[in-house]
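**Student:** This is a predicted model, with the sequence first.
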Amino acid sequence: MNLVATSTVMTPTAGPIAFEAVMRTAATKLAAFDRAHPRRDSYPTDAKGPHWRTVKVHDWESGFYPGCLWYLYEYARDAGWDDSDRWLRLASDWTESLESQQFNNTHHDLGFVMFDSYGNGFRLTGRDEYKPILIQSALSLASRFSETTGMIRSWGDIDDMESFTVIIDNMMNLELLLWASRNGGPETLREIVVRHADRTIETFFRPDGSTCHVVELDARDGSFLRQKTHQGKADGSTWSRGQAWAIYGFAYLYQELGERRYLDASLRAAEHYLDRLPTDGIPPADFDGGHDGIGFKDSSAAAVVASAFLRLAAVLDDPAQIRRYLDAAVSMLGALTRPPYFSESPADAGLLLHGARNHCEDSGHLFADTSLIWGEYYLLESLVRLHQQSAADPPA
Ligand code: GLY
């Protein structure tokens, strides 16, 4: 399928994507963060203005900046930039600053932390020394799996018998386990992935294809207790980033395992998302949030979905369906790479503006209109993938 005419992709609604200009801006912003943090022990999380707020190594967000650097390196290598070695060095250094996290089993996000950093590093360099670190990370994550519930516990102590909480975001951490099961780790890791994913379909999905954010299970007998939210507007609402995690998580599971039920889950979630998407292609933080102004948008959810749609387009057979998801992804990326969502300005630390960390009205806790580091990560991931697909399928 022909995606590009020259170095730009024409989008149905948003005009061309200027890959080179966007990646040059990304390079400037990523380098600025590195210069400002020479100790490499603080990682960007969100930004309203010229400086990122930072977190420490054990936080769930620590892998995204190293992951951004890997995608920048990948683009620089593909595009023949003179300084691609510099990006390789920076990506390696920031990745290796996370080494201690392979033993962290206090949360479920080791997939985000270690697969976005070491996983991309291994994919791009084949470095043998990254393999045991990834396998140990998978084992640490798998230690949160419960035979009784058939799921990985997202939050809380491993042996807490009073509560067992799982969030839809957990789907994103399974890729690490699957990779490890095929690269020297135990085969049981794959079984954990399948059991967790199947119970996610059973407990998180609603009949209309929407998903809830949080599920509580009984730690003693594994029974389902209730659907809730933590970052969405209400227990019965659809938090758009949660929906994005579901689309993406099941898309890659289908890509990796070829099981039709995972494709169906991804497509159900995707169609619900598209049905409710405003015409500018960027969702509100919560589809039931009652606000559609730009201050309530979540550009990071759009970046996750764009990347997920590219994965879907790569595995679907029906040309009309491929076209549908590809066009939607390209259209979303067109919107995300220009104002008001994209910022070239050094007055903004991030590339993507108007992200929302959460939309919790019950706690008076709307955290929106911000750059978010995972928004940057999935934007770069989708641009690099689209750029490669375009190069592999040049104009006739
Ligand atoms: N995984 C946390 C979030 O999406 O905010």
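**Tutor:** Noted; the coordinates are in hand.
**Student:** Can you list the helices and strands that the helix or strand I247 falls within packs against?
**Tutor:** I247 is part of helix 240-257 when elements are defined by DSSP states H and E. Judged by 3 or more CB pairs under 8 Å, 6 or more residues apart in numbering; DSSP states H and E, the packing partners of helix 240-257 are helix 174-182, helix 188-204, helix 260-276, helix 299-315. Using the backbone N, CA and C atoms, a C-beta is placed for each residue, glycine as well.
**Student:** which of the ones you listed sits most buried?
**Tutor:** The highest mean neighbour count among these, using mean count of other CB atoms under 10 Å, belongs to helix 299-315: a mean of 27.
**Student:** any idea which helix or strand comes after it?
**Tutor:** Using DSSP H and E, the helix or strand that follows helix 299-315 in sequence is helix 319-336.
**Student:** what's the following helix or strand after that following helix?
**Tutor:** Next along from helix 319-336, by DSSP H and E: strand 358-360.
**Student:** Low-confidence ranges, the protein, go.
**Tutor:** Counting by pLDDT under 70, the chain shows low-confidence ranges at 1-15, 361-365, 394-396.
**Student:** Scan it for its longest helix.
**Tutor:** The longest helix of the chain (DSSP state H) is helix 373-392.
**Student:** Would you tell me which residues of this structure are close to the ligand?
**Tutor:** By the rule CB under 6 Å from any ligand atom, the part of the chain lying against the ligand is D169, Q231, R241.
**Student:** The same query, at a cut-off of 8 Å, please.
**Tutor:** 60, 109, 112, 167, 169, 172, 231, 241-242, 245, 300, 357-358, 372, 374 (CB under 8 Å from any ligand atom).
**Student:** so what secondary structure elements neighbour whichever strand or helix holds V166?
**Tutor:** Per DSSP H and E, V166 falls inside strand 164-167. Counting contacts by 3+ CB pairs under 8 Å, 6+ apart, strand 164-167 packs against strand 151-152, strand 214-217.
**Student:** closest point of this protein to the ligand, which residue?
**Tutor:** D169 (3.8 Å; CB to the nearest ligand atom).
**Student:** wait, what's in contact with that residue?
**Tutor:** D109, S154, G242, W245 (CB atoms under 8 Å, 6 or more residues apart in numbering).
**Student:** which element is the closest residue to the first one other than its chain neighbours on?
**Tutor:** So that's D109. Among residues not flanking D109 along the chain, W60 sits closest, at 3.6 Å (CB to CB, 6 or more residues apart in numbering). Assessed by DSSP H and E, W60 sits outside every helix and strand.
**Student:** quick one: W60 and T106 touch, right?
**Tutor:** No - between W60 and T106 there is no contact under CB atoms under 8 Å: 10.2 Å.
**Student:** Kindly indicate whether G290 is helix, strand or coil.
**Tutor:** Classification of G290 using DSSP: H, G, I helix; E, B strand; the rest coil returns coil.
**Student:** Sorry, wrong one. I was asking about P16.
**Tutor:** strand.
**Student:** Could you give the bridge partners of it?
**Tutor:** M10 (DSSP bridges).
**Student:** burial of it, as a residue count?
**Tutor:** Using other CB atoms under 10 Å, the number of residues around P16 comes to 17.
**Student:** how much space is there between it and C360?
**Tutor:** 38 Å (CB to CB, to the nearest Å).
**Student:** With L98 instead?
**Tutor:** 29 Å.
**Student:** Give me the more crowded residue out of the two.
**Tutor:** Remark: of L98 and C360, L98 carries more neighbours, 25 against 19, as counted by other CB under 10 Å.
**Student:** Now for the closest residue to the more buried one other than its chain neighbours: which residues touch it?
**Tutor:** In this structure, L98 finds its nearest non-sequential neighbour in S117, 5.4 Å apart by CB to CB, 6+ apart. Contacts here follow CB under 8 Å, 6+ apart; on that basis S117 touches G63, P66, G67, W70, W94, T95, L98.
**Student:** can you count the residues close to the residue nearest to the third one when sequence neighbours are not counted?
**Tutor:** Beyond its immediate neighbours in the sequence, the residue positioned closest to G67 (CB to CB, 6+ apart) is D116, lying 3.4 Å away. Residues within reach of D116, counting by other CB under 10 Å, total 29.
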